[in-house]
Each structure stands twice: as C-alpha cells, then as structure tokens.
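Visitor: show me the folded form of this:
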Amino acid sequence: MAGKQQAAGYNLKDFHDQVRSELPGFERAIPSDGPEILQLRGLPPLSIEPFVDRWFLKSADETLAFQLQDNMVGYNWRRRSTPGTPTNYPGFDTLKASFEKYVRCLADWHTDRGWAVPDPVAVELFYDDILPMVPDPDTGTLRLSNLLSWFNPNDPSSSAMFGWTNMWVEGITSTPPPQGPMLKIRAEMGVVTEGPEVEPRSVIRLQFIAAGICSNWDEVNSFLQVAHDYIGVRFSEVIIPKAMKAWM
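Guide: Residues are numbered from 1 along each chain as shown. Down below sits the predicted model:
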C-alpha cells in the first residue's frame, strides 16, 4: 500500500507499543519500491526517496508482519515451515481483517498526535505459491504440462528446464493497465530442500501480483476483495486440477 509521506519525527517505537502484544518482534528490511503499477504510470519507485526506512512488526512465530515504511504500509503472512510440511495459513478473510485493524490503529495513532491520516494512492495484493513437479509416469521426465494448463503435453517444449520462467501482465477489468488495475502472473522453475537427508525437489514457483490505483481506504478494501476473487479464478485456470491437490 503506497501513501503520501507524513510526519517528521516519526517514532516507530511509540507506534509499536500500540500493537506490541500481538506483534512483539521487529525487523529492519530493504525499502520497498511499492506497487509496480505506479512505475508503469511513470512515477519513480518509493525506495528512491531519501532516508526511507522499512520495518516489519512481527508476530511471535514470525509468520505475520505489519510493514511500515515512510511512504507505504503492508501486511503479510510468511511461511516459516519447510515447503511440503503442514502449515497454518489463516486465509484471506482473516488476513484482510487484521490488515484493516492495524491500519485503523495507525490512523488513530496519527490523529491522536494531530497528524493527518495518510491517503493511499495505490494498492497491491501478492500471492507467492509453490507447487511440486511430479515426473511423467511414462517417461520419468519433468513436464510443465503436468502442472500448467497452457502447455500441450504432446509438445516437446513442455519438458521442464531448471531456470525456466514465464511472465505476463493482464487487466483485471475492461480498462487496460496501467490506467486500470492489473495482474502480473509469473511462473518459474526451481528447487526446494526439505531437510538435510532429503533430496531437493523440483517445483514451480507461481506468483500473482494484483495492483490498482486508489484514493481512499474504502477503495483499498474493495480492490483487495476484487483482486482476491480474480486471482482465485486465474489460479484455477492456469493450474491443471490434479496439480492443485499437491499445492504446497
């Protein structure tokens, strides 16, 4: 979430005290460039502004993080278990509700100090999925067509190669990006290691990044729901049904 920079003398510890019971940890991170749709509209990355800091306020298990940057806020769930092992993903509705709660807390914190509440200018919803590749039962080879619906299984080019990548951008509405909201889909072949005694596994990393322009918090909340629903449809379209059962 990108917004207008606010308030000289920003005291991170002071705000952290408001949410420390739920997010006791903190971590300094590399500044974010912000939603890519801003750069597609000719604006510079958020990270190039001078003296930009980015911090994560984290839950005790480090899976939840409220991100604070001078010109951006964000909230995300991060896997802390090895891919392929059970994990407790709270789901979109729970994460969205928590994000809205922490944004209200941040807004109240600004208001209590006589500062204007920052206005959002862009919003982004990001999913990062990992799916294991299963060898073809007839040939033993790894084929992209065993996961991704746009590959013809009879096409030799569907054989998987380490480092293979495919990416495209599409519009979410009838207004094409960057004037309208966009979805970037990126697929990449790689490997994950599930432990020192286990052979690395070939996987497809599948990213969905939806972004749009907004001018108030109601538009932010509306976009997040629309983007979530659209990503759900596209996920089911780009992944073949049997592969979805093995989603990591």
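Visitor: okay, CA-based contacts and neighbour counts for the rest of this
Guide: Fine.
Visitor: can you give me the helices for this structure?
Guide: 12-19, 36-40, 92-112, 217-238, 241-244 (DSSP state H).
Visitor: list the buried residues of the shortest one.
Guide: Applying a neighbour-count criterion of 16 or more other C-alpha atoms under 10 Å, one finds Ala243 buried in helix 241-244.
Visitor: state the mean pLDDT of that helix.
Guide: Averaging pLDDT along helix 241-244 yields 74.
Visitor: and the strands in this protein, which stretches?
Guide: Taking DSSP state E to define them, one finds strands in the chain at 2-3, 25-29, 54-58, 64-69, 72-77, 120-132, 165-171, 182-192, 201-213.
Visitor: report the mean per-residue pLDDT for the fourth one.
Guide: Which is strand 64-69. For strand 64-69, the mean pLDDT works out to 95.
Visitor: tell me how far that strand is from the chain's mean position?
Guide: Distance, stretch centre to chain centre, for strand 64-69: 12 Å (C-alpha atoms, centre = their mean, to the nearest Å).
Visitor: other SSEs contacting it?
Guide: strand 54-58, strand 72-77 (3 or more C-alpha pairs under 8 Å, 6 or more residues apart in numbering; DSSP states H and E).
Visitor: can I get the longest one in CSV, CA atoms only?
Guide: What follows is the C-alpha trace of strand 72-77 in CSV, where atoms were taken according to Å, rounded to 0.1, in the frame of the first residue of the first chain:
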residue,chain,number,x,y,z
MET,A,72,4.0,2.7,2.5
VAL,A,73,2.2,0.2,4.8
GLY,A,74,1.7,-3.5,4.2
TYR,A,75,0.6,-6.7,5.9
ASN,A,76,1.6,-10.3,5.0
TRP,A,77,1.7,-13.9,6.1
